[in-house]
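**Student:** Turn this into a structure:
(chains A and B)
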Amino acid sequence: MSDVLLLVQAAADTTRAYGEFPVIGARAAVWIAAEVHLMFAAFVLGVPMFAVVTEAIGIFGGDERYDRLSKEFTRLLLVAYSATAIWGTVLLFFLATLYPRFFAYLFAIFKYSAWVYAGLFFFESFTLYLYYYGWDRWKKGRAKVGHWTLGILLNVWGTIVMFIANSWLTYMMSPPRDIGPTTDPTTIKLWHAIANATWMPINVHRLVANVVFGGAIVGAYASYRFLAARTDEERAHYDWMGYVGNFIAISALIVLPFAGYWLGREIYQYDQSMGITMMGGFMSWLWVIQAFLIAVLFLTGNYYLWIGMGRIPGAERFRPYTKWLLAVLVLGAIVWGTPHTMIADSKELAAMGGSHHPFLGALGVMSAKNTAVNLMILTTFLSFLMYRRGNMRLVVPWARAGTMIQAAMFAIAAGVVLFYGIRGYFVDAIVRIGFSVYQVLAVLACIAGVTVIDILLGRGAQSLGAIQWGKMPPRSQYALFILAVTFTWLMGLMGFARSGVRQYWHVWQVMQDTSKYAATPALGYASKMISLCVLIFLSLVAFVFWLGGLAEKSTFVSAGEGKARHVGH
Amino acid sequence: MWVTNLKIVGVVLGVLSLYTLIANKIPQVQSEVPQALALGANVTPEQLVAAGEKVFNGIGGCTTCHGLGTRAPNLLTDEKGTGPIGARCGRRETGKTCKQYLFESLDNPTAYVVPGYQPIMPVMTKQLSPEQVWAVIAFLESQGGTVDVTASDIPAPSPGALTPGASPGSPGSGPPGFAAGSTDPKAIIQAAGCLACHKLDGQGQMIAPDLTHVGSRRDAESIRKKILDPASSVAKGYEKLAGIMPKTFGSMMNASQLEALVQYLAAHK
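**Tutor:** Residues are numbered from 1 along each chain as shown, chains lettered A, B, ... in the order given. As a prediction, the model looks like this:
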């Protein structure tokens, strides 16, 4: 069928279907424009989420530092919005001139939503201006709550904008099955095209990922300011800010695999061959790289927490446990990174003695990988818990019993994860897939239950000493940089996976790519493109930060003005 | 401050370089656009094997199941001590050569289902052109056996005929259809291999939904749509087999045949 379509579509391309871009080619030009635009879009969607949460903590928790932190980041948004719009316009022009036929096809279906999209930019921009410039005017009482509502509104506009853009790209990936190569695009109902199989999973996945990304970029910004700080007070402020950014990033990261799993499931249900291409076909090696990046994120995030415990009086009690946590994380990362169904030629298969490695093949299946990642998540949560408990002396009479219950919850969750992980080897694939839901539910229930108990346990707790913000070695700040770079690179990699799985189709099995760039490149080429995009993005972000510093002095306050607390207290 | 800035730049570039290096050190696999296969009369066994390997790993979609170790037997490596497919194909059916066995396995996959596996393989002679089918056979023979496929095995295309996997004929020329264009629904069902998966009036397999009373579940329009676009709907309880039914029936039978088949099935209440 593919050959027939190829020929029919090639014959139909009697008018100009593709343009050319000098030196780097049309595909690379669109790739860079789309990727950098998307990174900025994630930044301007993630940071407002961060800003509105920290403003709420400032309002309802009575800690003004959070309010000032929120404002500091909203200031950066002003410039970042411009960069997002510029790159969006570049992408639009590139698509319209380099892929005119495809662009016309998409616009024939989505023109109304594109107009709404453009209109929402006005709402979003003006809400941002009101939010930022009204900060000092509406800073007390009801006016402050009204101001905070503007922040929520900003997030609402941003989320709708993202949902609209997501509908375009998910349509390319999973067009409704009643749409074929001969379907006239003008006859396709807009909502029918929007509500395609992968739209909502992508929406949720990107929403969570933007929170992670926003937190990571905030962490990187704070770490830069920490390293550049001239006074202890300034250093303390940015140390605290880096911690908050990392806390939000890692907290959201814990949820992200579940959203990703849902997306993967929907892809398989939509088209099994697409799912197999993604996980077991030419993209199979990509997941080994992804596993490595996830391992870096988990290890670096936990490392930052463990170093941070050095500035918490009393936290030394927990230091002996960190080596065991490290062992679980390393083992989990190794299992997750073990390949399973790799695309291989006959010689490689013969050398391996089968389609799977005789020993490692058993570790590469999803039963083992799901078990590994769930245990890594539990371990990271335990690191947070130890950090939180660092300087607390519990005084409630049921402190020991409460801690025992928490330990039992961890043990039960780990037991459930292990049980279903092992059981998965003895049942059919369709049953095994369902097991991952039980594993996820066990972990989430443990996180929720332990957190509630911990909050109750912490009532009236004595402090073993205030957290010594700023007393962090520089290597901890470089860890935050590694987190930010890795998150950004991972975003580029997953974007390649999502887009590349369509292979030689602009719109999966509906509109074929007949350009000279139709073949999907190998991971080596893709990695160079991703690194280039990350470098462009980070350079521009550094410029945005520098501009932000020129416009106004930073918002750090002396330690005496705010209570030395940390998130969770 | 410059030292700090340089250190930060160093960390960023170092991390980017590390990830790029790792991604370039792993095997590089590019997803190619499938090309139509044209083999000349003087094609050599080596050319056939090379072409077959491409079809096997590409447009044929064989690796979707063969090689995963769970859905279908290993073909390129040992299968339960019997060796790769080229070494075992000549022993699979008494009186059949390797070449015969492989062709029949591609033409009528349910005839030789290996014990322990589900009969889910589509009829490959309806998915691929004769050139592609024989190239795949040559490639499979080369996996531990001797390649004896020659150009003479590949039938010359009949004038005006549309073969799967090949270019379409001149505009307006429709496909000749199954069973030499017969509009007898039973002949169409037999020729299209529907009973390889479906059961109808007590005959056929129970892999896909039983069609004996299909008319009570679907009207003619729904049956027509299902044949033309199998993915348009999936019967309850058969979700895991979604995508198995070939999408090519609509282009392989003529309009008279399609309508005859649709009305015949719709009458099965």
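
**Student:** Mind listing what's buried along stretch A:267-285?
**Tutor:** Burial within stretch A:267-285, assessed by neighbour count using 16 or more other C-beta atoms under 10 Å in any protein chain shown, is assigned to A:267-272, A:274-285. Any C-beta I mention is one placed from the backbone N, CA and C, and that applies to glycine too.

**Student:** Over to stretch B:92-109?
**Tutor:** Within stretch B:92-109, the residues that count as buried by 16+ other C-beta under 10 Å are B:92, B:96, B:98, B:99, B:101, B:102, B:103, B:104, B:105, B:106, B:109.

**Student:** Would you agree the first one is in contact with residue B:101?
**Tutor:** Which is residue B:92. Yes: the pair residue B:92 / residue B:101 is scored as a contact, 5.2 Å apart, by C-beta atoms under 8 Å.

**Student:** what is in contact with these two at once?
**Tutor:** residue B:112 (C-beta atoms under 8 Å, 6 or more residues apart in numbering or on different chains).

**Student:** Looking at the buried residues of stretch B:92-109, which are in helices?
**Tutor:** Residues of those located in helices (DSSP state H): B:92, B:98, B:99, B:101, B:102, B:103, B:104, B:105, B:106.

**Student:** any idea how far the fifth one is from residue B:76?
**Tutor:** Meaning residue B:102. 14 Å (C-beta to C-beta, to the nearest Å).

**Student:** Going along the chain, name the helices of the stretch 151-269 of chain B.
**Tutor:** B:185-192, B:214-217, B:220-228, B:249-252, B:255-266 (DSSP state H, counting those that start in this stretch).

**Student:** er, the stretch 151-300 of chain A actually
**Tutor:** A:190-194, A:199-228, A:232-270, A:272-279, A:286-308.

**Student:** Please identify the most buried of these.
**Tutor:** helix A:199-228 (a mean of 24; mean count of other C-beta atoms under 10 Å in any protein chain shown).

**Student:** wait, does it make contact with chain B?
**Tutor:** Yes: using C-beta under 8 Å from any C-beta of the partner chain, helix A:199-228 comes into contact with chain B via A:224, A:227, A:228.

**Student:** which one of the residues you listed is nearest chain B?
**Tutor:** Lowest distance from chain B to those (C-beta to the nearest C-beta) belongs to residue A:227, with 4.8 Å.

**Student:** Could you check the pLDDT of the closest residue in space to that closest one that isn't next to it in sequence?
**Tutor:** Using C-beta to C-beta, 6 or more residues apart in numbering or on different chains and skipping the chain neighbours, the partner closest in space to residue A:227 is residue B:4 (4.8 Å). On the pLDDT scale, residue B:4 is placed at 88.

**Student:** Can you name the helix or strand that residue B:4 falls in?
**Tutor:** In this structure, residue B:4 is located in helix B:2-25 according to DSSP states H and E.

**Student:** what is the orientation angle of that helix with helix A:286-308?
**Tutor:** On the basis of axes from the mean of the first three to the mean of the last three C-alpha atoms, to 10 degrees, helix B:2-25 is oriented at 150 degrees to helix A:286-308.

**Student:** Would you pull up the residue in chain B closest to chain A?
**Tutor:** residue B:23 (3.3 Å).

**Student:** Just give the closest residue to that residue, not the sequence neighbours.
**Tutor:** Per C-beta to C-beta, 6+ apart, closest to residue B:23 is residue A:527, 3.3 Å.

**Student:** Hmm, residue A:177 is touching residue B:230, no?
**Tutor:** No: counting by C-beta under 8 Å, residue A:177 does not reach residue B:230; the two are 9.3 Å apart.
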